[in-house]
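Enquirer: structure for the following, please:
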Amino acid sequence: MATKLPVYAYYVKNSLNLAKIEQKNVDLPLFTLARKERNLLVYQSGESQYVCVYSFGVVTVCGIEDKKEIGKLLKRFAYGEELEEGKDPKIPPEDYAIVIDPEQPESVEFDRVQMKQLTLEKLLLVSHVVAQSAAIDFVERRIADTQQTLERLHGLLEEHGKLVATNTRSILKTVGMSGNMVHFMVTRLALLDKPDITWEDKDAEALFMKLRSMFELDDRFEALRFKLEFIKDSSETLINVISTKRAEFMEIIIIVLIAVEILLALVGIM
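Expert: Here you go, the predicted model:
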């Protein structure tokens with residue numbers, strides 16, 4: 001008989017302090033710490049319920065479907081307090097499923113991964129990829145918002161020939177955001193790295209690569225890098241426009257000051 005385990009990944013914030021989370025949950029009832037790695041804490045309840053907390057800001061919940069229970073777990077492992085009764089998690093999750101069926105061939109599909117037998121290592125590989133996908137979703141939303149802002153600014157520049165109601169600081173923040181997003185994806189999210197188990201187990205490596213392909217992590221990463229480069233170039237163009245405008249304004253002020261000084265000198269001679 002087939003068994004289905006839902007997997008939900010929630011992006012929480014840029015990073016989670018695993019040391020504080022572990023310390024807070026030392027005496028946690030029902031869930032016990034099953035695995036501890038440099039960037040990951042794995043808590044287990046029973047045989048098939050897991051919570052994986054990633055340092056890059058994502059919490060995955062495996063084997064639990066009750067939204068109230070998930071909300072409480074998110075508050076405990078991500079926010080430090082329980083959700084109000086009856087309140088669902090605010091963050092839309094990335095969802096997937098693990099189906100265990102000894103009689104069916106193993107496969108990776110768009111909404112599930114089919115396995116003959118579940119091990120903790122396999123579950124963590126699935127959780128890892130789904131968590132990365134959830135984090136990429138967050139980056140994609142941030143970039144989409146930034147692109148809309150830049151589109152509005154370029155529209156003002158095209159219509160008026162100048163930037164209206166904007167300043168260099170806000171555009172510099174946009175440039176900084178693009179750099180931080182690349183750093184987040186490469187360093188914190190470790191999109192270019194493989195889990196340690198994949199170096200030791202060929203089957204684990206094959207599963208990991210199939211999952212990455214199914215979630216299109218590499219293609220999405222390259223698309224985001226292209227968009228971030230575009231945002232950076234657009235922001236620098238806007239900064240140059242503002243700098244030129246300020247330079248022209250300073251030149252006018254200098255000319256006015258020189259003119260005033262000449263007038264005062266002439267008045268003094270007279």
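Enquirer: helices or strands up against the helix or strand hosting residue 257?
Expert: Residue 257 is located in helix 217-269, with elements delineated by DSSP states H and E. Counting contacts by 3 or more Cβ pairs under 8 Å, 6 or more residues apart in numbering; DSSP states H and E, helix 217-269 is packed against helix 120-160, helix 168-183. Quick note: C-beta positions are derived from backbone N, CA and C, even for glycine.
Enquirer: how about the strands in the stretch 1-150 of the chain?
Expert: Ranges of strands in the stretch 1-150 of the chain, per DSSP state E, counting those that start in this stretch, are 3-11, 32-37, 40-45, 49-54, 58-62, 94-100, 107-108, 113-115.
Enquirer: how about these in TSV, adding mean neighbour count and distance to residue 121?
Expert: Below are the strands of the stretch 1-150 of the chain laid out as TSV (neighbours: other Cβ atoms under 10 Å; distance: least, Cβ to Cβ, whole Å):
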stretch	mean neighbour count	distance to residue 121
strand 3-11	21	15
strand 32-37	13	10
strand 40-45	20	11
strand 49-54	24	12
strand 58-62	27	13
strand 94-100	19	13
strand 107-108	16	16
strand 113-115	21	11
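Enquirer: closest to residue 181 out of the ones you listed?
Expert: Distance to residue 181, taken as Cβ to Cβ, is lowest for strand 3-11 among the strands of the stretch 1-150 of the chain, at 13.4 Å.
Enquirer: can you list the strands that that closest one pairs with?
Expert: Using DSSP bridges, strand 3-11 pairs in its sheet with strand 58-62 (antiparallel), strand 94-100 (antiparallel).
Enquirer: helix 120-160 and that strand, what's the angle between them?
Expert: Put simply, strand 3-11 runs at 40 degrees to helix 120-160, going by axes from the mean of the first three to the mean of the last three Cα atoms, to 10 degrees.
Enquirer: how far out from the middle of the chain is strand 3-11?
Expert: Centre-to-centre, strand 3-11 and its host chain are 18 Å apart (Cα atoms, centre = their mean, to the nearest Å).
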